[in-house]
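Colleague: this one's sequence-less:
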């Protein structure tokens, strides 16, 4: 599971790494790598004591379909795979951009 982490320069010097719900934590360190490593350790320690589950939100008056609303055929499967591939490429581009930005710091 991946979570979003906010990384910023700390006013007192060094860096602050922060994540929000479902596991809100803040870690600091003299370098961005140290702050991220500290946050990773805190997450590892905390994750063993928590259980994350997903529940279906039930809204009165709204009936959600119990099965996909699109047909199960070759064209639709190709279309859905195309969407998944596009999402993977966008995620990879975002990761590369973040790595480039962090290398500049």
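Modeller: Thanks, I have it. In this text the structure is predicted, and so the values were computed from the model without any measurement.
Colleague: What separation do you get for residue 17 and residue 94?
Modeller: According to CB to CB, to the nearest Å, residue 17 stands 18 Å off from residue 94. C-betas here are computed from N, CA, C, even on glycine.
Colleague: who has more neighbours, the two?
Modeller: Comparing residue 17 with residue 94 by neighbour count (other CB atoms under 10 Å), the higher total belongs to residue 17, at 24 against 10.
Colleague: So that one, which state does it fall into?
Modeller: With DSSP: H, G, I helix; E, B strand; the rest coil as the basis, the three-state label of residue 17 is strand.
Colleague: ok, it touching residue 27?
Modeller: Yes. Residue 17 lies in contact with residue 27 (CB atoms under 8 Å); the separation is 4.9 Å.
Colleague: For stretch 92-99, what does the pLDDT average out to?
Modeller: Averaged over stretch 92-99, pLDDT sits at 85.
Colleague: In the protein, where is pLDDT below threshold?
Modeller: 105 (pLDDT under 70).
Colleague: got the domain boundaries for it?
Modeller: Domains of the chain are assigned by automatic domain parsing as 1-55, 66-105.
Colleague: Just name the most buried of the ones you listed.
Modeller: For those, average neighbour numbers computed from mean count of other CB atoms under 10 Å are highest in domain 1-55, which has a mean of 12.
Colleague: end-to-end on that one?
Modeller: As for domain 1-55, its first-to-last residue distance stands at 17 Å under the measure CA to CA, to the nearest Å.
Colleague: Equivalent analysis for stretch 46-54, please.
Modeller: 18 Å.
Colleague: ok now it, how far from the chain's centre?
Modeller: Between the centre of stretch 46-54 and the centre of its host chain there is 15 Å, according to CA atoms, centre = their mean, to the nearest Å.
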